[in-house]
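Asker: When you get a sec, could you give me coordinates for this:
(2 chains)
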There are 2 protein chains.
Amino acid sequence: MIVRDVNKLKDTDRAVSDADWTSVRMLLADDKMGFSFHITYLKAGSEHTFHYKNHFESVYCMSGKGSITDLATGETHNIYPGVMYALNLHDKHVLRAQEELVMACCFNPPVTGTEVHQEDGSYAAPEEVA
Amino acid sequence: MIVRDVNKLKDTDRAVSDADWTSVRMLLADDKMGFSFHITYLKAGSEHTFHYKNHFESVYCMSGKGSITDLATGETHNIYPGVMYALNLHDKHVLRAQEELVMACCFNPPVTGTEVHQEDGSYAAPEEVA
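Answerer: Below is the predicted model of the structure:
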């Protein structure tokens, strides 16, 4: 059994950040669960374009307020506590945080922890990661 | 893109319950994400013995207070907001809710939605589910 506390991981190398977000990797590929699990904090006022071509991701809003736009359809959905979106079509999207968003995220295949967001908003497929 | 709101699913057949818990199935096998995702509410004062022999499960505490005992080692861990446990060894365990626990749960393989808890605390493997 693995037991981890997000608040104890925030100051370790399991937390990765850029200027507008921090993601704490609660489970990664080497935990061998077949998915990875992340708690992600998106700063109020920030906007993010992501396109996980090589991963399925589900994202559950635990707190905050924002919106997501599906760039294939143009449709926008409100994000608030209790709403989940799942990128079952590897959907390219824009996520906006009106208030800080705190999200619980699952990735399949699991993120290894060495990926960086590429220019196209994706993570490399596992076999492309060094 | 799939978008679902747990509060709108609570009164549908995506919510399953027994006397002491309710689980809302946000994603199931037929969503083809490779995992399932559930928001589970465990009543204050309740105690649960589970043994997912055929699944890996991670469980993240969003609110409440309780504990988990690993029945293989006898070790007990406190559960409070921000703590995740992952049953990477299909660990048989007892989960206790001192206060109502609200948990975000991922299963691999994904739950189909037709499983019931068997007498041994497990869900059947996907190929055993009708």
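Asker: quick one, phi/psi of the closest residue to A:A124 other than its chain neighbours?
Answerer: Setting aside the residues directly before and after it, A:A124 is nearest to A:E115 in space (C-beta to C-beta, 6 or more residues apart in numbering or on different chains), at 5.9 Å. Placement of C-beta: from N, CA and C, glycine included. Backbone dihedrals for A:E115, given as degrees, to the nearest 10, come out at phi -70, psi 150.
Asker: ok, now A:D31?
Answerer: Its backbone dihedrals place A:D31 at phi -80, psi -10, with angles given as degrees, to the nearest 10.
Asker: Is the residue nearest the centre of chain A part of a helix or strand, or is it coil?
Answerer: Compute the mean C-alpha point of chain A, and by C-alpha atoms, centre = their mean the closest residue is A:C105, 5.2 Å away. For A:C105, the reduced secondary structure class is strand; criterion used: DSSP: H, G, I helix; E, B strand; the rest coil.
Asker: what sits against it?
Answerer: The neighbourhood of A:C105, defined by C-beta atoms under 8 Å, 6 or more residues apart in numbering or on different chains, consists of A:23, A:37-40, A:57-60.
Asker: One more: A:Q98?
Answerer: With contacts taken as C-beta under 8 Å, 6+ apart, A:Q98 has the following neighbours: A:44-45, A:64-67.
Asker: Using PDB, write out every CA atom in whichever strand or helix holds it.
Answerer: Here A:Q98, judged by DSSP states H and E, is contained in strand A:93-108. Extracted as PDB, the C-alpha positions of strand A:93-108 are listed here (Å, rounded to 0.1, in the frame of the first residue of the first chain):
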ATOM      1  CA  HIS A  93      -8.600  22.400 -25.300                       C
ATOM      2  CA  VAL A  94      -8.200  25.700 -23.500                       C
ATOM      3  CA  LEU A  95      -8.600  25.700 -19.800                       C
ATOM      4  CA  ARG A  96      -9.200  29.100 -18.000                       C
ATOM      5  CA  ALA A  97      -9.100  29.700 -14.300                       C
ATOM      6  CA  GLN A  98     -11.200  32.600 -13.100                       C
ATOM      7  CA  GLU A  99     -10.400  31.600  -9.500                       C
ATOM      8  CA  GLU A 100      -7.600  29.300  -8.600                       C
ATOM      9  CA  LEU A 101      -8.600  25.800  -9.700                       C
ATOM     10  CA  VAL A 102      -7.600  22.700  -7.700                       C
ATOM     11  CA  MET A 103      -8.000  19.600  -9.900                       C
ATOM     12  CA  ALA A 104      -7.600  15.800  -9.400                       C
ATOM     13  CA  CYS A 105      -6.100  14.400 -12.600                       C
ATOM     14  CA  CYS A 106      -5.700  10.800 -13.900                       C
ATOM     15  CA  PHE A 107      -3.500  10.000 -17.000                       C
ATOM     16  CA  ASN A 108      -3.500   6.800 -19.000                       C
END
